[in-house]
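Undergrad: everything below, folded, please.
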Amino acid sequence: MYMTLFTLISVLMLSASGDSTGSRPQDHLPKVFRDQSVDLIEKALRREAAVAYQTHPVPADGKTWAGHREELLSRIRRASGFRQYPSLPLDLQETGRIDRKGYSIRRVAFRTRPGVLTTASLYVPEGKGPFPAVVSLHGHWYGGHTAEIVQSIGHTLALNGYVCLSPDAWGAAERSTDHENYEYHGSSLGASLMDVGETLLGMQLTDNIRAVDLLASLPYVDPARIGATGASGGGNQTMWLTAVDERIKACVPVVSVGTFEAYILNSNCVCELLPDGLTFTEEAGVLGLIAPRAMKICNAMQEANRSFFPSEMMRSYEAVQPLYTSLNARENLSYQLFNRPHGYWPEVREAMLGWFDLHLKSAGHGAPKAETPFELVPPEQLLVFPAGKRPAEVVTTPVFCRKQGEELRAGLLREKNGNSGAKRQELKQVLRLDETASIHKVHTFSAEGGWERLAIETTDGKLIPVLLRPGKAGEYVILTHPGGKDSLHISAEYAGKGLVVVDLWGTGESQSALARSVDGQLPPFHTLARSALWLGRTVMGEWVGDLQRVGEYLRQERKATRLEIDGTKETGLAGLFYAALSENIAAVTLRESPTSYLFDNRKTVDHFNMAIHLPGLLNWGDVSLAAALSQATVVWYGAVSISGGPVDPAKEYDSVRVAYKGQGKTIFKPATK
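TA: All right, here's what the predicted structure looks like:
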């Protein structure tokens with residue numbers, strides 16, 4: 001929840017209230033705020049994250065923790081969507097073997113969910129065993145299980161008498177869209193899983209639980225002595241796996257532990273996102289789920305990512321330490337810092353070996369153990385399947401999202417007598433809409449270029465910049481664009497009508513300079529979308545809330561009798577969702593907006609920015625349902641698919657509107673020039 005930022009508001013009001021001189025050229029819209037250097041989003045989100053950190057402490061005694069533990073596990077399961085398949089056959093396949101002195105490396109695939117195979121390397125020491133075993137989970141290293149940094153863990157563990165399983169993470173390495181071209185599994189690709197009610201974190205967690213199933217099933221593995229390790233995103237997976245699967249007796253997460261607070265407005269992958277996570281826990285709470293089992297945290301003193309700074313790690317370490325002490329397991333919790341940059345370095349592997357020897361072999365005192373030299377294998381020799389000969393059951397993210405989306409949409413299209421009221425309430429939940437927010441105050445500034453300039457201050461602490469040009473009494477058109485007001489081209493069809501130009505949250509004058517800089521080469525809204533979801537909101541929900549406040553202002557203060565919404569691309573959907581929840585919108589115009597959330601084309605998956613993704617949207621319905629719930633005339637100019645491709649959805653929109661007894665209508669027109 002945003003807190004009202006009175007000091008910042010005062011600064012902006014003072015800078016904006018002076019008489020306008022040197023006005024902009026007429027082909028540009030004026031600014032509402034004179035001072036563009038204040039990042040209200042940064043300050044609000046950081047404060048909210050700090051409050052969340054303080055309000056999710058780890059109980060310091062075992063009895064209190066026992067009551068909290070099961071509830072926390074249940075919420076993590078719901079938020080991540082991870083699944084367990086204890087009775088599903090593993091269908092272990094071995095496609096080849098490389099023999100080394102003292103151990104072998106096996107190219108394997110195994111089943112992690114119905115119809116899905118995972119590729120992996122399996123390192124097995126010579127002898128009958130039973131051996132202790134370790135799941136080695138990779139981060140964003142090119143090549144996944146074949147990468148040098150991942151291989152090194154497998155080689156050194158096998159040489160020290162451990163079975164090591166190194167699976168490819170969901171959507172990475174041999175599980176990429178194109179078997180021969182590895183890809184980054186995050187961004188809009190990984191975020192697309194949320195649209196069908198899944199998360200990339202949950203998909204990985206499901207796979208990793210099955211990896212433990214596999215190790216526990218092997219006759220040469222002791223199922224009572226299984227550990228887990230990994231670096232970066234793999235360290236993150238290590239933490240989550242150990243937290244939810246008590247078969248992991250010891251873990252070593254590397255360059256990955258910090259605080260969830262530090263994830264806000266920072267550079268992290270979608271695979272490290274737990275939607276709504278900061279509304280019920282901090283990272284220390286997840287670490288608490290590991291207690292009293294053995295955990296050694298390794299971080300880098302030269303770390304570049306603030307999320308994993310040693311200082312952030314220490315906050316979580318110190319927060320969970322009293323719980324370990326209360327459970328008489330203080331010796332099972334340790335940390336070590338290395339004067340290295342981000343990575344899993346040889347000295348870190350030696351620390352890992354000593355820790356696992358102590359806790360999985362009951363050998364030594366946990367001190368680092370020197371590595372035995374090993375030789376890396378050329379990555380191509382570790383491929384489970386030859387290039388171009390991967391079976392269809394190595395399911396990729398596009399295939400999974402398309403299949404799941406089609407199944408979910410089939411239910412919507414079969415509906416003959418829909419409950420509009422129930423669907424509106426469900427839509428609010430999908431949007432994570434804050435229904436308590438309202439207008440606190442309206443700040444008016446001097447007019448410029450025929451535009452009134454004002455800012456709507458809301459009870460949840462926002463300042464929404466608005467330009468208003470009066471027209472025909474009572475009639476207003478609200479205009480939005482994901483690029484902000486400077487990207488707008490005002491249609492001649494609105495001549496004579498009152499115009500209201502709004503920079504929605506994160507756009508135009510409401511943008512966060514920090515978020516944009518963190519995005520870098522990633523799709524726009526990568527940072528804001530993740531940050532909002534951690535805090536229990538969505539960008540789309542924020543936009544709908546902004547539109548509600550503007551509509552509230554126009555009806556109350558300007559006596560509006562007819563409201564229209566005109567939005568481009570992603571903000572067009574926000575206008576449609578607003579209309580679906582309101583009976584007071586006469587018309588909605590969408591320009592180049594998607595008509596469905598159904599996954600379409602991997603190559604152009606980033607056609608829209610990441611503000612578009614909504615967890616569970618296709619479980620709820622689809623864009624056609626939003627149009628059916630609105631009472632408005634919905635006009636689409638240049639309708640496209642979720643990846644920007646051509647569509648012809650008229651029949652679907654008509655049938656869904658009939659099923660939900662919609663009173664409006666939908667019209668599709670060519671794109672305007």
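Undergrad: count the residues that sit near residue 331.
TA: Counted with other C-beta atoms under 10 Å, residues neighbouring residue 331 total 13. Using the backbone N, CA and C atoms, a C-beta is placed for each residue, glycine as well.
Undergrad: what distance do you get for it to residue 294?
TA: 9 Å (C-beta to C-beta, to the nearest Å).
Undergrad: so the protein: which segments form each domain?
TA: Per the record, the chain has its domains at 56-385, 406-669, by automatic domain parsing.
Undergrad: residue 41 is nearest to which of these?
TA: Among these, domain 406-669 comes nearest to residue 41, with 3.8 Å by C-beta to C-beta.
Undergrad: pull the distance from that closest one to the chain's centre.
TA: Computed by C-alpha atoms, centre = their mean, to the nearest Å, the separation of domain 406-669 from the middle of its chain amounts to 20 Å.
Undergrad: over to stretch 296-311?
TA: Centroid separation between stretch 296-311 and its chain, computed with C-alpha atoms, centre = their mean, is 22 Å.
Undergrad: do the same with stretch 167-174
TA: For stretch 167-174, the separation from the chain centroid amounts to 18 Å (computed by C-alpha atoms, centre = their mean).
Undergrad: list the buried residues in that stretch.
TA: 167, 168, 169, 170, 171, 172, 173, 174 (16 or more other C-beta atoms under 10 Å).
Undergrad: quickly list what the first one is bridged to.
TA: Looking back up the chat, that one is residue 167. residue 120 (DSSP bridges).
Undergrad: am I right that residue 50 sits in a helix?
TA: Yes - under DSSP: H, G, I helix; E, B strand; the rest coil, residue 50 falls within a helix.
Undergrad: pLDDT score assigned to it?
TA: Predicted confidence (pLDDT) for residue 50: 98.
Undergrad: coming back round to it: mind listing the shared neighbours of residue 331 and residue 294?
TA: Shared contacts of residue 331 and residue 294 (C-beta atoms under 8 Å, 6 or more residues apart in numbering): none.
Undergrad: related to what we said a few turns ago, turn the buried residues of stretch 167-174 into TSV, columns for pLDDT.
TA: Listed next are the buried residues of stretch 167-174 as TSV, based on pLDDT from 0 to 100:
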residue	pLDDT
167	98
168	98
169	98
170	98
171	97
172	97
173	96
174	97
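Undergrad: residue 643: which of those is nearest?
TA: Checking those against residue 643 with C-beta to C-beta, the nearest one is residue 171 at 16.7 Å.
Undergrad: for stretch 583-603, list the C-alpha coordinates in CSV.
TA: The C-alpha coordinates for stretch 583-603 follow below in CSV (Å, rounded to 0.1, in the frame of the first residue of the first chain):
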residue,chain,number,x,y,z
GLU,A,583,-21.3,0.9,-15.8
ASN,A,584,-20.5,4.5,-16.5
ILE,A,585,-18.2,4.1,-19.6
ALA,A,586,-20.0,4.8,-22.9
ALA,A,587,-17.2,3.7,-25.3
VAL,A,588,-13.7,2.2,-25.2
THR,A,589,-11.3,2.6,-28.1
LEU,A,590,-8.3,0.2,-28.2
ARG,A,591,-5.4,0.9,-30.7
GLU,A,592,-3.1,-2.0,-31.6
SER,A,593,-4.1,-3.8,-28.5
PRO,A,594,-4.2,-7.7,-28.1
THR,A,595,-7.5,-9.4,-28.3
SER,A,596,-6.4,-12.4,-26.3
TYR,A,597,-3.8,-13.6,-23.8
LEU,A,598,-3.3,-16.9,-25.6
PHE,A,599,0.4,-17.5,-26.3
ASP,A,600,1.0,-17.0,-30.0
ASN,A,601,4.6,-16.5,-31.3
ARG,A,602,7.9,-17.0,-29.5
LYS,A,603,9.8,-14.8,-31.9
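Undergrad: what is the rounded mean pLDDT of it?
TA: 96.
Undergrad: residues near residue 478, how many?
TA: There are 26 residues near residue 478, going by other C-beta under 10 Å.
Undergrad: hmm, I typed the wrong one, I wanted residue 308.
TA: Residue 308: 27 surrounding residues under other C-beta under 10 Å.
Undergrad: how about it: what's its closest non-neighbour residue?
TA: What sits nearest to residue 308 in space, not counting adjacent residues and going by C-beta to C-beta, 6 or more residues apart in numbering, is residue 258, at 4.7 Å.
Undergrad: wait, isn't that neighbour in contact with residue 317?
TA: No - assessed by C-beta atoms under 8 Å, residue 258 is found out of contact with residue 317, at 10.1 Å.
Undergrad: neighbour-wise, which of these two wins?
TA: residue 258 (27 against 21).
Undergrad: about what we covered before: out of the domains of the chain, which gets nearest to residue 33?
TA: Nearest of these to residue 33, taken as C-beta to C-beta: domain 406-669 at 5.6 Å.
Undergrad: next, the contact list for residue 623, please.
TA: 573, 576, 594, 595, 596, 597.
Undergrad: I figured the fourth one hits residue 638, correct?
TA: No - counting by C-beta under 8 Å, residue 595 sits too far from residue 638 to count as a contact (10.6 Å).
Undergrad: compare the two (neighbour count), which wins?
TA: residue 595 (24 against 17).
Undergrad: contacts only, for the more buried one.
TA: Applying C-beta under 8 Å, 6+ apart to residue 595 gives the contacts 623, 624, 636, 639, 640, 641, 647, 649, 653.
Undergrad: mind listing which of those are in helices?
TA: If you go by DSSP state H, these have 623, 624, 653 in helices.
Undergrad: list the buried ones in stretch 178-194?
TA: In stretch 178-194, counting by 16+ other C-beta under 10 Å, buried: 179, 182-183, 185-194.
Undergrad: would you turn those residues into CSV with pLDDT and secondary structure?
TA: Listed next are those as CSV, based on pLDDT from 0 to 100; DSSP: H, G, I helix; E, B strand; the rest coil:
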residue, pLDDT, secondary structure
179, 92, coil
182, 94, coil
183, 95, coil
185, 95, coil
186, 94, coil
187, 94, helix
188, 96, helix
189, 97, helix
190, 97, helix
191, 98, helix
192, 98, helix
193, 98, helix
194, 98, helix
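Undergrad: and of those, the nearest to residue 335?
TA: Distances from residue 335 to the buried residues of stretch 178-194, taken as C-beta to C-beta, are shortest for residue 186 (27.2 Å).
Undergrad: return the distance of the residue nearest to residue 308 relative to residue 533.
TA: Between residue 258 and residue 533 the computed distance is 18 Å (C-beta to C-beta).
Undergrad: count of residues packed around residue 63?
TA: Count around residue 63 with other C-beta under 10 Å applied: 8.
Undergrad: quick revisit: closest one to residue 36 among the domains of the chain?
TA: Using C-beta to C-beta, the domains of the chain put domain 406-669 closest to residue 36, at 6.9 Å.
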